[in-house]
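Predicted structure and sequence below. I'll ask about it afterward.
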Amino acid sequence: MVSTTAIVLYAHQYNTQLSGATMLLPVETYGYTYYSVNYKQPPVNSWGKNWFYVIASEDNTAIQITPSDTTQGGLLPGQTITVNLNKGQLYNVFGKVSAYNESNLTGSKIVSVAGSNGNCHPIAVFSGCSRLILCVTDGGEVAQQHLFPASTWVTRYLTFHSIIATANPLTSPLLNFYRVMVDNPATIVKRNGIVLTGLQRNSFYQFQSTSGDYIEADQPILVCQYITNSNEYSGSNLSPQGDPELMLLPSLEQGIKKARVYNTRNRNITVNYLTIIIPNDGIPSLKIDGAAVPASLRILHPNNPGYSIVAKRLLGPAAQYSIESEAAFTAMIYGSGTFDSYVYIAGTLINNLNSIGSIQNVYNSTAYPNTFTCPQSPFQLSIKIAYRAASLQWLFSQVHGLSPARDTSISNPVPADSQIVNGRKYFTYNLSTNFILSDTGLFNIPVIYTSPGINLCSQLEKTFVSVTVKPGPVADYNFMYAGCNADTAFFTGLAM
């Protein structure tokens, strides 16, 4: 699917008492390393299956697949195969299920490796369950997710349980399950300040909650939320509201400031909600369909009081809704009915946060970086990288109006410092050269760095250091002078 203007795309599949949804990611965000997100699949209900599939976006794509559980095709846990694909082709993997076995492909690793042309090619990966069952009294539900590449995982997440109550939604607890995926088993993950234990399959932690939690880590993680129905694992209601569902949570670092969402009534959805998690200073500017959010629709987050939770029930027929704020937020939209549910996130940035660029104006008298510079005003460049770099290449020749414009390559650069940013360690690399830009605007300076720690076949990543150039101040003044030799001339500067 292509468009002449920017669009947002969601997928929703449904049938009788079956429904599942996901936000779809654009091709430009595809990555090279993924981990499957599923759930244990008990041998009930016609032996529903765990699954994931890979889609190639370019020819000569080679992928390595290492399942975390036995597959229907006979692969054993930890066994790796290589598959070759061309553009548009896909490869399916199903977990093995029998009357005596339950499969769980969570943590299966999918990596794009060098193809026949020697290059790694970006891929898309989807995962889910054909009958997601959180407990044996569930009827089971289809679940699907378009996975985030591991290069876009970050370190801070806020959660809040799903809502199916029609009254007191923010204060009515509901049991939800969570999995925290890790790329490195040594990652320290905290839930509300307490370190999680019990790592499963060297790839994920699992916990359950009836409220909201603050998840943080010292290395990138991915948080997955599993929604229950009104039984909450009890099986006491034979016609429960809702059904199990799955979604990948957006992180605080990848929040958005504007979104457009759609709520549906298909197939048997009777209750729809929009939940937003936003910094408290973003509440005054938060608008849903252009209207401010009343205080009755929000509470402080129970484990991070610097944030608020907004829950709005969406009444009436299926419709689109707009959300915007001056502060970055995360949001999800979901609905439930008898043995039916769907959920998807309203949006997220898909940025690679392995590097952070900054500038400092030469005449800046403080130690802090600047957010902009002015034409012909000298500045210096700095980049923080989440790896110890083996090489750095600055492509100055690709930036119009930048001087000097000679590309710079540095082998084994020495970091000037290291720093913890949002719980993650970065190494700082500075350039002592003074640069100037002649025009106003936004300029992106390409940077290429390599490191053995980069989980790509090339061990190379490309990024940009963005430089905003604004018009400088214009000097102006008034003066009083009679024109005689003995008179005094008075000059008065004008306020800018």
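That came through fine.

Low-confidence stretches in the chain?
42-47, 99-101, 136-139, 234-239, 495-496 (pLDDT under 70).

for it, what spans make up the helices?
Taking DSSP state H, the chain contains no helices at all.

ok, for Gln72, nearest residue in space, not its chain neighbours?
Once flanking residues are discounted, Gln72 sits nearest to Phe94: 4.1 Å by CB to CB, 6 or more residues apart in numbering. For the C-beta atoms, the positions are set from N, CA and C on the backbone; glycine is no exception.

Who are the contact partners of that neighbour?
Shown in contact with Phe94 (CB atoms under 8 Å, 6 or more residues apart in numbering): 49-51, 71-73.

Going through the residues you listed, which ones are buried?
Buried subset of the contacts of Phe94 (neighbour count, 16 or more other CB atoms under 10 Å): 49-51, 71-72.

could I get the residues you listed as JSON lines with distance to His121?
Formatted as JSON lines, the buried ones among the contacts of Phe94 follow (distance: CB to CB, whole Å):
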{"residue": "Lys49", "distance to His121": "27"}
{"residue": "Asn50", "distance to His121": "26"}
{"residue": "Trp51", "distance to His121": "22"}
{"residue": "Thr71", "distance to His121": "23"}
{"residue": "Gln72", "distance to His121": "26"}
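
Would you mind splitting this structure into its domains for me?
26-147, 159-351, 355-469 (automatic domain parsing).

For Tyr14, which of those is the nearest?
Counting by CB to CB, Tyr14 lies closest to domain 159-351 out of the domains of the chain; the figure is 4.5 Å.

how long is the closest one end to end?
End-to-end distance for domain 159-351: 20 Å, by CA to CA, to the nearest Å.

List the buried residues for stretch 283-297?
For stretch 283-297, the neighbour count (16+ other CB under 10 Å) marks 283, 286, 288, 293, 297 as buried.

between the residues you listed, which is closest to Ser3?
For the buried residues of stretch 283-297, the nearest to Ser3 is Ile288 (24.9 Å; CB to CB).

what about the closest one, distance to Pro294?
Ile288 sits 10 Å away from Pro294, going by CB to CB, to the nearest Å.

In the buried residues of stretch 283-297, find the pair that's most separated.
Ile283 and Ile288 (11.9 Å).

packing partners for the longest strand seen in the chain?
Ranked by residue count and defined by DSSP state E, the top strand of the chain is strand 319-337. Packed against strand 319-337 by the contact rule (3 or more CB pairs under 8 Å, 6 or more residues apart in numbering; DSSP states H and E) you find strand 256-263, strand 271-279, strand 287-288, strand 340-345.

Just name the most buried of the ones you listed.
Most buried of the helices and strands packed on strand 319-337, by mean neighbour count (mean count of other CB atoms under 10 Å): strand 340-345, with a mean of 26.

and the angle from that strand to strand 256-263?
On the basis of axes from the mean of the first three to the mean of the last three CA atoms, to 10 degrees, strand 340-345 is oriented at 160 degrees to strand 256-263.

who does strand 340-345 touch, helix- and strand-wise?
Strand 340-345 is packed against strand 10-15, strand 18-23, strand 245-248, strand 319-337, with contacts defined by 3+ CB pairs under 8 Å, 6+ apart.

Out of the helices and strands packed on strand 319-337, flag the one nearest Cys224.
Closest approach to Cys224 among the helices and strands packed on strand 319-337 is made by strand 340-345 (11.5 Å; CB to CB).

who does the closest one pair up with?
Sheet pairing of strand 340-345 (DSSP bridges) gives strand 319-337 (antiparallel).

Distance from the strand it pairs with to the middle of the chain?
Here strand 319-337 is found 16 Å from its chain centre; the criterion is CA atoms, centre = their mean, to the nearest Å.

repeat for stretch 24-43
On CA atoms, centre = their mean, the centre of stretch 24-43 falls 13 Å from the chain's centre.

in that stretch, what counts as buried?
25, 29-42.

How about stretch 349-369?
Across stretch 349-369, burial judged by 16+ other CB under 10 Å covers 349-350, 353-361.

just how off-centre is it within its chain?
21 Å.

Contacts for it, please.
The contact list for stretch 349-369 (CB under 8 Å, 6+ apart) reads 25, 29, 148-149, 151-152, 154, 220, 253-256, 370, 373, 377-387, 421, 426, 434, 445, 447, 449, 454, 461, 463-467.

Can you pick out the most distant pair from the contacts of Phe94?
Pairwise across the contacts of Phe94, and taking CB to CB, the largest span is found between Asn50 and Gly73, at 12.9 Å.

Surely Gln320 touches Ala259?
No: Gln320 is beyond contact range of Ala259, at 10.6 Å (criterion: CB atoms under 8 Å).
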